[in-house]
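Based on what follows, work out the 3D shape:
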Amino acid sequence: MGPAASSRTTQPRHSQFSQEKETKHTSTRAQRQRRRGDGLMVCSRSLMPRTLDGQVTMEKTPSYFVTREAPRRILGMSPDTKLIVVVRNPVTRAISDYAQMLSKTPGLPSFRALVFRHGLGPVDTAWSAVRIGLYAQHLDNWLRYFPLSRFLFVSGERLVSDPAGEVGRVQDFLGLRRVVTDKHFYFNATKGFPCLQTAQGNSRPRCLGRSKGRPHPRVPEAVVRRLQDFYRPFNRRFYQMTGHDFGWD
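So this is what the prediction gives:
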């Protein structure tokens, strides 16, 4: 799980993975999920794919981390769950979120008009693109239900710069053999992201979809600096909570 605009690489097939199909966040998945009154859907354990001894079942829904009711419901479904959270610089991810919104709604107000109340006031934490990046607050909620040892925090930036290293950490965290290595990745300059290839190189490479790697709108430097200043105390607290400095400041 992870914030929706987090940087991701598509993973090669690992023999110890049994992966639930990617969450679509629509009611068409109701047959595989339980919907509650607030609209949150949590995947039902009974409808997960069957696994063999030694296999790990994975399910990915970015909205879990930022949804208040999710940890309690996931704990009720499977108290032994391990949790992988992909995070990136919250300023970059806010701009990325805006770029995605803009691609669907071209007439949106400017990023500045949305990120600051009335365009000039304090940062508007009610706007989802801003609120999602308050990682320390979201983690506070999760730690009420799961110990920190159940979490692995993956750097979205390092998934781009060193995908094999970050995927290696994931394999270690899940107790899997290190099957996926640097020979499975190559950098696609057109996309600006790593793509996947089999070690033998005899199949078509797999890259992120069209919605990934789209150009970001130009944002005034003064706006970026104000957002950086806003997030700094939240970032530093997140570093302290996780024991990892992600280098966003």
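
Low-confidence bits of this structure, can you list those?
1-47, 191, 198-205, 208-214 (pLDDT under 70).

Can you give me the neighbour number for residue 217?
12 (other Cβ atoms under 10 Å). All C-beta spots, glycine's among them, are computed from the backbone N, C-alpha and C.

what sits against it?
Applying Cβ atoms under 8 Å, 6 or more residues apart in numbering to residue 217 gives the contacts 95, 98, 99, 102, 111.

What of residue 246?
87, 89, 155, 157, 235, 238, 239.

beta partners of residue 185?
With DSSP bridges as the criterion, residue 185 is bridged to residue 196.

Which two among the contacts of residue 217 are spaced furthest apart?
Using Cβ to Cβ, the contacts of residue 217 span at most 10.2 Å, a distance reached by 95 and 102.

okay, these two: which has more neighbours?
residue 95 (22 against 16).

Check which helix or strand the residue nearest to that one when sequence neighbours are not counted maps to.
Closest residue to residue 95 apart from its sequence neighbours, by Cβ to Cβ, 6 or more residues apart in numbering: residue 216 at 5.1 Å. Using DSSP states H and E, residue 216 sits within no helix or strand.

circling back: for residue 53, state which of the contacts of residue 217 is nearest.
Distances from residue 53 to those, taken as Cβ to Cβ, are shortest for residue 99 (43.9 Å).

Just say helix, strand or coil for residue 178.
In terms of secondary structure, residue 178 is coil; the call rests on DSSP: H, G, I helix; E, B strand; the rest coil.

That one contacts residue 170, doesn't it?
No. Contact between residue 178 and residue 170 fails when scored by Cβ atoms under 8 Å: they sit 10.0 Å apart.
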